[in-house]
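Asker: take a look and give me a structure for this.
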Amino acid sequence: MNEDQLTSDNSVRYGLATREEIAHMSGLEVMQALIARKLPAPPMAKTLDFWLREVGEGTAIFTGRPSIAFYNPLGTVHGGWAATLLDSALGCAVQTTLAAGEGYTTLEFKVNCTRPILENSGEMICEGASFTEDGARRRRKPR
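Answerer: Numbers count the residues shown, from 1 in each chain. As a prediction, the model looks like this:
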């Protein structure tokens, strides 16, 4: 880990894992290491107050706490906060399907907001899922 990038917040380390640290790990192993705090949490998680909670082959579940810090001038949580939560869940779901050394990036996604998110809306739960080439949804394995 790059020590100058780390900060601490209630035993959570923030920063970036080095390529060398994760080169031998599958995407699922990387995601599991993030949850187990064996790798530092991305700094964005602290900024936007959301967390990777659970992963499985082809799935990732994030939770986030909306707050007034994310409000737009109209008095609701900015749609970009929800979109970032969604993009993170989708991207991490794809990451869980990759072999060691493989990567991904988001090319495009679309969000339709059907109601506002407010600071008192409660914890948001976002589940990302990837699909097999034939269109079948990958399922989480029961714990």
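Asker: please make it C-alpha for all contacts and neighbour counts, starting now.
Answerer: Will do.
Asker: which residue ranges of the protein form strands?
Answerer: 7-9, 12-14, 50-56, 59-64, 124-129 (DSSP state E).
Asker: report pLDDT for the most centrally placed residue in the chain.
Answerer: Closest residue to the average C-alpha location of the chain: Ser88 at 3.7 Å, with CA atoms, centre = their mean. Per-residue pLDDT puts Ser88 at 96.
Asker: for it, what are its contacts?
Answerer: Ser88 sits next to Phe62 when contact means CA atoms under 8 Å, 6 or more residues apart in numbering.
Asker: how close does it sit to Pro42?
Answerer: As judged by CA to CA, to the nearest Å, Ser88 and Pro42 stand 11 Å apart.
Asker: repeat for Asn112
Answerer: In terms of CA to CA, Asn112 sits 26 Å off from Pro42.
Asker: so these two - more neighbours on which side?
Answerer: Pro42 (16 against 7; other CA atoms under 10 Å).
Asker: check the gap between that one and Ala33 for me.
Answerer: Using CA to CA, Pro42 is found at 12 Å from Ala33.
Asker: repeat for Ala82
Answerer: Separation of Ala82 from Ala33 (CA to CA) stands at 25 Å.
Asker: out of the two, which sits in the busier spot?
Answerer: Ala82 (20 against 16).
Asker: any idea which of the strands of the chain is most buried?
Answerer: strand 59-64 (a mean of 22; mean count of other CA atoms under 10 Å).
Asker: what's the distance between it and the middle of its chain?
Answerer: How far strand 59-64 lies from its chain's middle: 6 Å, per CA atoms, centre = their mean, to the nearest Å.
Asker: same check on stretch 85-101?
Answerer: Chain-centre distance of stretch 85-101: 8 Å, with CA atoms, centre = their mean.
Asker: count of residues packed around Arg37?
Answerer: 14.
Asker: so what's it up against?
Answerer: Val12, Arg13.
Asker: any idea how far it is from Tyr14?
Answerer: 10 Å.
Asker: cool, Ala41 as well?
Answerer: Distance of Ala41 to Tyr14, given as CA to CA: 5 Å.
Asker: all helices of this protein, in order?
Answerer: 19-22, 27-35, 43-48, 79-95 (DSSP state H).
Asker: tell me the mean pLDDT over the shortest one?
Answerer: Which is helix 19-22. Per-residue scores along helix 19-22 average to 93.
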